[in-house]
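[1] generate coordinates for the sequence data below:
(4 chains)
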Amino acid sequence: MAEPLLQVENLRTYFNTPRGTVRAVDGVTFSIDPGETLAIVGESGCGKSMTALSILQLVPEPAGYIESGRILFRGKDLLDLRWDDMKTVRGREIAMIFQEPMTSLNPVFTIGRQLVETLVAHDGEATTGWQRAEELLARVKIDDPRRVLHSYPHELSGGMRQRVMIAMALMNRPALLIADEPTTALDVTVQAEILSLMAELQREFGMAVLLISHDLGIVAEMADHVGVMYAGEIVEIAPAAQLYRSPKHPYTRCLFASLPSRQQRGKDLVTLEGVVPDPANWPPGCRFAARCPDRFAPCPSTHPVLAPVDGAQCARCLLYPAAFPPGVPVQSPEKETVR
Amino acid sequence: MRASLRNPLCTAALLAAALLLAGCSNNPYSPGETEKPIQFRYMIGDLRTLDPSNSYTVNEAAVADVIYSSFYKYHYLKEDPYELVLNLGAEEPIREPFPVTETVDGKPVQKKGERWTFKIKSGLKFGDDPCFPGGKGREVTAADIAFAFRRMADPRLKPRPCPVLAFMQDKILGLDAYVKANREKKKANQPIDLRNGVEGLVLDPNDPYTLRVLLNQPYPQLRYLMAMHFTTPIPHEAIEKYNNSLTHYAVGCGPYVLKEYRRKRHILLEKNPNAPAELYPTDGDPGVAEAGLLKDAGKPLPLTDKIIFSFQKETITGWNLFMQGYLDSWTVRQENLRQVMTPAGEPTGEMKAKGIELRKAPQPSIRYFIFNMEDPVVGGYTPEKRKLRQAIALAINSRDFIDLHNMGQGIAAQGIIPPGLFGYDETYKNPYRQNDLTRAKQLLAEAGYPGGKDPKTGGPLTIYFEYIELGTTMIQFAGLLEKQVEALGLKLEARAWRDVVWQDKVDSGKFQMVEYGWVADYPDPENFVFLLYGPNERPGPNHSNYKNKEYDRLFEQMRAMDNTPERLELIRKMRAIETEDCPLVYTYHDEDLLVNHQWVSNINPHGVANDLLKYRRVDGPTRAALQREWNQPNFWPAIALAVFIIAGSIPAASVVRQRRHRKVRKEG
Amino acid sequence: MLRYIIRRLLYAIPILIGVSLATFVLFNVVATPEQIAKKNLSSKNPTPEQIQEWLKDHGYDKPLPVRFKDHMTEVMLFKFGKSDATDEDIWGMIKVGVGPSVSLMVMVLIAGTFVDLTVALFVAYFRGTYIDAWGLFLCVLLMSISYVVYLITGQFMLGRILKYYPSSGFREGADVWKFLLMPAAIGVVSSLGQYTRLYRTFVLEEMNQDYVRTARAKGVSEDRVLFGHVLKNAAIPILTSVVTQIPLLLMGSLLLESFFNIPGIGGMTVDAIFSQDFAVVRAMVFLGSVLYIIGYILTDISYALVDPRVRLG
Amino acid sequence: MLTNVDWLSTLAPFVVLAAMVIMLRRAGRTPLWSEAFRRLRRNPLAMISLAVISLYAAVAVLDSISWRTSKTDDFRTLLQRIAERPKERTYSAPYATVTTGEPEPHPLNEKHLLGTDGVGNDVVYLTLRGCRTALILGGLTSLIATPLALMFGMLAGYFGKWADDAVLYINQVLSSIPSILLLVALMMVLGKGVLQLCIALGVTSWVSLCRLSRGETLKHREREYVRAARALGLSHTRILIRHILPNLLPLVIISVTLGLSGLVLAEAILSYLQLGVPPEVGSWGNMINGARVELAREPVIWWGLASASGALFVLVLAFNVFGDALRDAVDPRLRTG
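    Numbers count the residues shown, from 1 in each chain, chains lettered A, B, ... in the order given. Here you go, the predicted structure:
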């Protein structure tokens, strides 16, 4: 495999709050190969959006800060860059689109101006910027791009605005596109169009995509690899097909179980009891222990490590001996529970 | 901030700051103006009117009397006694008895009248004005003076009627009828003809420079009226062109012309090219030469080209301007007195340093307390009531009022006639103005209030004093009166009113005791003793409604007499009567304190005359030099501010650099 | 746009009627006209018929309903009649006074807004640091000082100690700014605290919006974000607060002009108050209301100019 | 003895104090306010400013308790008996032994901490007497304006149609008259005096509060719990008092607290226009106004201005800081600081 485009190693992003330090992203590691799509899934509040923002160092100041970890992009650690130099990366090599198209565009500037600005910010020419903007708008299937260029954000629908965001992201042909729940705010019909558009563009521009979502359906279609995050950590990461076929981590299994599908027709959906622990003080052991149906003795006290359990599939669960941190005696659950 | 962005902003700011500091000088006049021979005067309030027929206040006269010259003027350097000299007049008027027949309610009556013949110089010209054909001022004739007399009877005068009309209305033949006729015409709003119509004003068809005035009774005061601006020649063309409104516009034959009058801004007077040939006097009271007042003797007047009156509504800012040299002179107010004069009456060091000169200007005026003679408690003519008033008078010490209220400026008053006027007697000591507490207490006991106690109520007798609420000075004044009266055991309650309400109370007699003042209209004792003349009762000037048959009889006898020993005897008799009745308690004669800069010369504050500015000379170059020297801008606060901003921005800049170069990941 | 303005002006008519009604009621319960007459005749002892004449001249002698009708018709047509104290035509006085007042007001408005905005941006740029905290506290301090104290100490400092510019008076012509600079400086400093804090809040609100994050994600520099995106959006509430200042300033200059002897409308009104000149005060209350109403209309129009989302129906 | 006590001015502050204590305790039980109080207690600035305000209030109460020794004597308040110094002749510098500004300086009866003013009153004493006027201005005006504004606001918001139009019209008319001129006109009509000043300030300040309460009432009228209450057959007035008013209270309390500083500052402006309180009532406005003349004198008389504007500044600062802290404590969303 070619050298990975982006390698995130043990990334920690913390927040100073009156209630203490919130460890929103607590040791996340993953990597994306060029042209590949990695999706990160998890309930809201598990830190997936914060991970995305940390890559571009857009952590909301002054409360948030990156504690430690490395973000290697084409081998260069972005965290070593000074704030000014990082500017050259943002929007040129790594682009990002957000969840709320309604508020993500500046209401008082025309669409054209905001598109051109992306180019000009990286020493592009304004005149070429307008042409490129028009091409891209056409490319994202917006009819009459010239009119849209001169109109204001409030004159467009949610779907069209998301297309503009995508066009804006592609102005500088980025190597990596981070999409933070791009379709959540849109209704279903528009979602499909946007997703297929993204897939098309990804192939055309040979762009890697980091998709942040909580919708397992979307992830299934789009992603090559999938990572599941819970309580600030990646609890399972694997090629998409393999994950859907045999989820290893109990949390992933519960997620799939709570999906309405033909098999469970008529039965009520499985719900997880309990609630996500307080990010200000994560429990010591496995953070899912309190709610995990397969909980057993060491879970509340031992903090599992993300370890390979089945080929490229890794999981952070003590059910699998590899997940025990070094120096801790390996135990196994008394009874075998196989789903 | 990005370097490129910061540069234009910073350079713009620095440029602006440099421009502001360079162009700064606090000279309110345009550059170079203070070098020229121009007088820089000031006005406290907006002038109500400059119209010669009804302008009345001292401020208005100071401007009007240098625009309008009259038949007579007061000799500039003679004040002891005041002397009239000819101005427009060619020779002294001829005054001869003249039998006159006057129709009094239908019947012709023979009267022992009088005829005055006035002859004015020929060749006098009005100042140039568009109202004259071709814009050039035409020659002044006696008809213009007659016109002025008739204009005084014009009911349409704004904003007030002519104040001296009442003095002449019943004396000049036919004037009374003319006044009544004009009023009817105004009601029926028919046109009023001011160019003829009064029997007593006789013009000679073949001698345009002579005017004869017929009177139905001897009236020596007419001489003084011919020195006031009411009788200055008024061109009828100006009245017709500016529809009878000379309030803020002027056409006269005096030394100056009114060039510009901007309401609430400034008044600009300029030398009148057609001015009559007037010369600076060559003699005066003894000691005048030593005072340096004869340096310009014999020179043609006026001695300065322009006079600018700027409006200084706030005395504070005005005083600052004077101290910075931007005003030539200033009438000292109570709050600046300490800065001007040492206790011994000498100018303070600061004044000497700037070469500022101090001048006292006695004013023919009188301040006094009034008892309401119709008040049940303090009024009445019974011996007890008289003793009560005399006791209070004895308790009031004028010296205290002069020191505290007027800061030592003024002469303690013994009688109603101020110094400098006929009938004033320095040696006279008013028996009830010698501040003798024991005698006062004794008189109070005789008045039926032993120890100040009111037998009816058992408590101290309360007397109410009403005054105008004008800030701390008036409260201080009332407080001092309270302390003096209560020394007798009486109780004085001082109450403050808005000036509108206070004036109403005084005019309608709803008061026991108030303080009042009177300034001379003309230098004749009649203008003061008439304050106690019965028929002048409220709302006339006799506010205490004092009525004494004998006093009135003596007054009617003396009012039209010349200044002869017999008149002096009558005045003494009247004084004896009113001193016993004691309706008024005289406190002091006001004295203004003037300060002038060293570059102004020929300063002689005259008691009565108001045309003083034409005698003043100004040394422009020294003034401009001193102004520059005294007004060096003080730059250290600006520099300190700049340093503070720069010092403040350094840490800020470092924060910016640190922020831009920070590594997101915490070190280590 | 024009149709909108006309409609708003028509809405203003009933309000103006209400205002003139209020001024009529207010000013005819005050001291009896006789006292006003006596005060303004100012001769030593006005005779009764002189007072009667003055009353007729100023229209105080007519019965109340007639005076009410005259008042309403006159005021609506801006015919304010004559001042009680100086018999001057009030409209003439206003025309003379407008020049200095407007120039002072414009100076204070522009300088004030520029200074307030710069300080607000400066403090907003350093949000979270000590500059922000101290800046805020300084604003609260400046807000707590009384306007009169600003005037007194300001005039004392500028007049007696600094002596940079004339500390009072006024003169047309090229160097009119020399007379207006000092009062304008005091006007700016006295409103500094209040408006800086207000503008800082507007800017901070915009800072937390999503589009700022998008702009940063696009790689736009921090300055462009602040001065481009944020400032343009914050301009909307800032502009409206500036526009609402206009009538306030014209009236606010009341004290400024009378302190510095600037013969403007404000100074004229203060003189009228001192001399209980009801005709002038009544006229100024009405004129002030007209300016306020125009101010409100300007505010709405300024919305449309700055914010593309707002359409003036 | 009973008739010798000026009951009105003596009891008034205690009645107000008692009312406030009751209100605070009842409010303390509601979750919103208890949370707000807890946050306030933790904010040092708020506590300091509260202490300063209560210090001023204490001085004001001292100045209210007044009685007279005998029938003919006039009422003298407790503060007068404690702080009143013998009157001097005229100005005297702080801690000086002789008067200033007189041709022959006269010796003083005693040393004055901050000197004396033009009429010889001790400046410290005058400043203390200013507290009562300032607090009355703030308190009484709010007492007049708030109920008025609330009533009109709720009526307009709740009943709508003609009530709304009428209140809006009055609101629009009053708010389109410049506040300074409205104040001046009212003072010219009412004459001088603390009560008149309060009424005038009240009329000018109720407009904004009325608009605020109308808006809130409109918002709450649409809420389900109001419709539910109507369905249960509760009368309009009960709904307004029991349900809508408590929801308005937080906003009202905040806007009143923030408004206090504006009221106190307005007095100084009115005193300059000679429409403030009469001279015998101790007021900072009059002292500051007098200071204009004093600064122009030589030697400069600064202590009158310094003490009056200092006292005014500290009180207004305390009101501002406490107002902000209260607003942040009650509803962080409203934070503008």
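[2] using PDB, write out every CA atom in stretch B:550-564.
    Extracted in PDB, the C-alpha atoms of stretch B:550-564 (Å, rounded to 0.1, in the frame of the first residue of the first chain):
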ATOM      1  CA  GLU B 550     -44.900 116.800  53.000                       C
ATOM      2  CA  TYR B 551     -42.300 114.700  51.200                       C
ATOM      3  CA  ASP B 552     -44.400 114.700  48.000                       C
ATOM      4  CA  ARG B 553     -44.900 118.500  48.200                       C
ATOM      5  CA  LEU B 554     -41.200 119.100  48.600                       C
ATOM      6  CA  PHE B 555     -40.400 116.700  45.700                       C
ATOM      7  CA  GLU B 556     -42.800 118.500  43.300                       C
ATOM      8  CA  GLN B 557     -41.200 121.700  44.200                       C
ATOM      9  CA  MET B 558     -37.500 120.600  43.800                       C
ATOM     10  CA  ARG B 559     -37.900 118.300  40.800                       C
ATOM     11  CA  ALA B 560     -37.800 121.100  38.100                       C
ATOM     12  CA  MET B 561     -35.400 123.400  39.900                       C
ATOM     13  CA  ASP B 562     -31.800 124.000  38.800                       C
ATOM     14  CA  ASN B 563     -29.000 122.900  41.000                       C
ATOM     15  CA  THR B 564     -29.200 125.800  43.400                       C
END
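[3] buried sites along it?
    B:Y551, B:D552, B:L554, B:F555, B:M558, B:R559, B:A560 (16 or more other Cβ atoms under 10 Å in any protein chain shown). No exception for glycine: its C-beta is placed from N, CA and C like everyone else's.
[4] likewise for stretch D:105-112?
    Using 16+ other Cβ under 10 Å as the test for burial, stretch D:105-112 gives D:P105, D:L108, D:H112.
[5] likewise stretch A:243-250?
    In stretch A:243-250, counting by 16+ other Cβ under 10 Å, buried: A:L243, A:Y244, A:P247, A:K248, A:H249, A:P250.
[6] what pLDDT does the second one get?
    Note for A:Y244: predicted pLDDT of 85.
[7] what's the separation between it and chain B?
    35 Å (Cβ to the nearest Cβ, to the nearest Å).
[8] right, and that residue touches A:V219 too?
    No: using Cβ atoms under 8 Å, A:Y244 is not in contact with A:V219; the gap is 9.1 Å.
[9] shared neighbours, those two?
    Listed contacts common to A:Y244 and A:V219 are nil; contacts here mean Cβ atoms under 8 Å, 6 or more residues apart in numbering or on different chains.
[10] let me see the mean pLDDT of stretch B:598-605.
    In this model, stretch B:598-605 has a mean pLDDT of 87.
[11] same question for stretch C:143-151.
    89.
[12] other residues contacting it?
    So stretch C:143-151 is contacted by C:186, C:189-190, C:193-194, C:197, C:255-256, C:259, D:261, D:265, D:268-269, D:271-272, D:285, D:288-289, D:305, D:309, D:312-313, D:316-317, D:320 (Cβ under 8 Å, 6+ apart).
[13] please, where are all the strands along the stretch 101-250 of chain A?
    Secondary structure of the stretch 101-250 of chain A (DSSP state E, counting those that start in this stretch): strands at A:176-180, A:208-213, A:225-230, A:233-239.
[14] burial count for residue 133?
    Picking chain A for this. For A:A133, the neighbour count with other Cβ atoms under 10 Å in any protein chain shown is 26.
[15] wait, chain D
    Using other Cβ under 10 Å, D:T133 is surrounded by 23 other residues.
[16] what sits against it?
    Contacts of D:T133 by Cβ under 8 Å, 6+ apart are D:V194, D:E267, D:V277, D:V281, D:G282, D:S283, D:W284.
[17] which residues does the last one contact?
    Which is D:W284. By Cβ under 8 Å, 6+ apart, D:W284 lies in contact with D:T127, D:G130, D:T133, D:A134, D:E267, D:A268, D:A308, D:S309, D:A311, D:L312.
[18] restricted to buried residues, select those in ChimeraX.
    A single ChimeraX command selects the buried members of those (16+ other Cβ under 10 Å):
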select /D:127,130,133,134,267,268,308,309,311,312
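[19] show me what contacts the residue nearest to C:P166 when sequence neighbours are not counted?
    Take C:P166 and drop its neighbours on the chain: the residue closest to it by Cβ to Cβ, 6 or more residues apart in numbering or on different chains is B:P28, 4.0 Å away. B:P28 is in contact with B:S310, B:L321, B:Y326, C:P166, C:S168, C:G169, C:R171, C:F179, counting by Cβ under 8 Å, 6+ apart.
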